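Trainee: My questions concern the predicted model and sequence given below.
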Amino acid sequence: MFLRGRLISRIGSHGLADLSTQEPIQAQTLALKLTELTKPVSEIGESLLASASYDGDLRLAVLKFYDQKAGRFWLWRDNTGHKPYCYTRLKPEELTEVKARKDVISIIEEEKMDLLNDTRVKMSKIVTTDPLAIGGGNGSIRDQIKAWEADIKYYENYAYDQGLRMGTYYRVSQGKILRAEHPVPMNVALSLDQILRRNTPEFAPFLTEWAELLSEPLCEFRRVALDIEVANELGRLPDPEDPRQPVIAVSFFSEGERVVYLLGGAKDQSALEGKPYSWKVFEDEADLLRATMAKIMDYPVLITFNGDDFDLRT
């Protein structure tokens with residue numbers, strides 16, 4: 001929030017600064033770069049399924065695949081027509097008020113297995129236009145009736161329904177997600193065989209699944225660590241909700257570089273000579289922030305200390 005707030009207040013729509021030349025880049029150029037980094041694709045080489053999210057504007061699940069060869073993420077938007085849903089034990093004819101909602105698409109009666117009671121039961125599946133209809137606060141379906149699977153995050157529900165596992169390698173061909181098979185190492189296979197012999201057959205599928213998941217190749221994420229320093233007022237801590245103090249330093253650390261951006265206009269920069277990092281001094285905070293944004297966009301993974309609550313709080 002602090003860095004974001006300062007970016008909004010100091011940069012506005014003036015664009016970005018290139019790291020090598022420090023010459024301003026127009027906002028249109030930045031927009032094109034952002035578009036390229038976040039555009040959805042239908043063809044992806046072998047990549048790790050790292051996470052998922054939900055696009056509220058398009059009302060679609062979005063999967064994030066990390067391509068180690070390219071050193072970047074690719075975004076894939078759902079093309080299956082999957083919709084959010086929840087279940088209730090109430091019959092369809094008892095859901096008149098729910099059915100009348102504009103955000104409810106359909107109510108379908110299905111038979112499910114009640115694992116606690118080991119019986120088959122009839123349930124009503126309520127399909128909606130978006131997750132907020134199910135559990136988005138006051139007035140949501142789970143506030144109207146007793147519902148099942150109404151507290152699960154939609155993208156987690158989506159991944160489960162599609163049989164997708166985070167931390168597993170896939171490829172996307174012609175818009176379809178395909179598993180990238182990796183044979184279980186021989187020593188793991190032998191150990192697994194011994195374990196399966198000692199356990200009942202009903203556990204075999206689960207043990208095999210876990211062995212396959214834990215045997216996936218480790219992925220090296222291209223990443224950079226960031227930390228900011230903010231000017232202090234005597235006796236008062238900076239407030240990320242009201243970022244008035246200027247950002248005076250931003251440091252970056254990765255395998256390939258160590259660089260510090262400084263605000264200052266310091267006349268004597270000899271104190272910086274001989275340091276185990278490179279440095280750039282900016283006369284204006286807006287220039288420093290532009291360069292910071294450019295550097296952040298160069299890396300797919302950003303690591304911070306307390307970034308969620310201060311540096312990059314949203």
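Mentor: Thanks, I have it.
Trainee: how's this protein carved up into domains?
Mentor: 2-34+221-311, 39-77+159-179, 85-153, 183-216 (automatic domain parsing).
Trainee: Adding mean neighbour count and mean pLDDT, write these out as CSV.
Mentor: Just so you know, the C-beta spots here come from the backbone N, C-alpha and C atoms, and that holds for glycine as well. Output for those, formatted as CSV (neighbours: other CB atoms under 10 Å; pLDDT from 0 to 100):
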stretch, mean neighbour count, mean pLDDT
domain 2-34+221-311, 15, 77
domain 39-77+159-179, 16, 94
domain 85-153, 15, 94
domain 183-216, 12, 76
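Trainee: Can you show me the helices along the protein?
Mentor: 2-10, 27-38, 96-99, 131-135, 141-144, 154-161, 186-198, 204-214, 285-296 (DSSP state H).
Trainee: right, and those - which one's nearest residue 311?
Mentor: Nearest to residue 311, of all the helices of the chain, is helix 2-10, at 5.5 Å by CB to CB.
Trainee: sorry, back to before: turn the helices of the chain into a markdown table, including distance to residue 87.
Mentor: Formatted as a markdown table, those follow (distance: least, CB to CB, whole Å):
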| stretch | distance to residue 87 |
| --- | --- |
| helix 2-10 | 39 |
| helix 27-38 | 34 |
| helix 96-99 | 12 |
| helix 131-135 | 10 |
| helix 141-144 | 11 |
| helix 154-161 | 12 |
| helix 186-198 | 34 |
| helix 204-214 | 24 |
| helix 285-296 | 42 |
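Trainee: So which of those helices is nearest residue 228?
Mentor: Here helix 2-10 is closest among these (CB to CB), at 5.8 Å.
Trainee: one step back: to residue 250, which of the helices of the chain lies closest?
Mentor: helix 285-296 (4.9 Å).
Trainee: For residue 176, find the nearest of the helices of the chain.
Mentor: Residue 176 lies closest, by CB to CB, to one member of the helices of the chain: helix 154-161, at 15.5 Å.
Trainee: for that closest one, packing partners?
Mentor: Contacts defined by 3 or more CB pairs under 8 Å, 6 or more residues apart in numbering; DSSP states H and E place helix 154-161 against strand 44-55, strand 60-67.
Trainee: residues in contact with stretch 79-91?
Mentor: 42, 61, 95, 105, 109-110, 112, 121-131, 133-135, 141-142, 145-150, 154, 157-158, 161-162, 175 (CB atoms under 8 Å, 6 or more residues apart in numbering).
Trainee: Report the distance from that stretch to the chain centre.
Mentor: Mean C-alpha position of stretch 79-91 versus that of the full chain (CA atoms, centre = their mean, to the nearest Å) differs by 24 Å.
Trainee: Okay, now that stretch: how far is its last residue from its first?
Mentor: For stretch 79-91, the separation between the terminal residues is 31 Å (CA to CA, to the nearest Å).
Trainee: go on, stretch 135-145?
Mentor: Start and end residues of stretch 135-145 are separated by 11 Å (CA to CA).
Trainee: starting at the chain centroid, how far to it?
Mentor: 25 Å.
Trainee: and if you look at stretch 49-68?
Mentor: For stretch 49-68, the distance to the chain centre is 7 Å (CA atoms, centre = their mean).
Trainee: Now do it: everything it contacts.
Mentor: Counting contacts by CB under 8 Å, 6+ apart, the residues touching stretch 49-68 from outside are 40, 44-45, 47-48, 72-78, 82, 129-131, 154-156, 158-159, 164-170, 172, 177, 219-221, 300.
Trainee: Same list as before, the helices and strands packed on helix 154-161 that is, but in a markdown table and with distance to residue 239 included.
Mentor: Compiled in a markdown table, the helices and strands packed on helix 154-161 are given as follows (distance: least, CB to CB, whole Å):
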| stretch | distance to residue 239 |
| --- | --- |
| strand 44-55 | 28 |
| strand 60-67 | 32 |
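Trainee: what sits against the closest residue to residue 184 other than its chain neighbours?
Mentor: Using CB to CB, 6 or more residues apart in numbering and skipping residues adjacent in sequence, the residue nearest residue 184 is residue 215, 4.9 Å away. By CB under 8 Å, 6+ apart, the contact list for residue 215 reads 182, 184, 185, 188.
Trainee: Pick the one among those closest to residue 235.
Mentor: residue 182 (57.2 Å).
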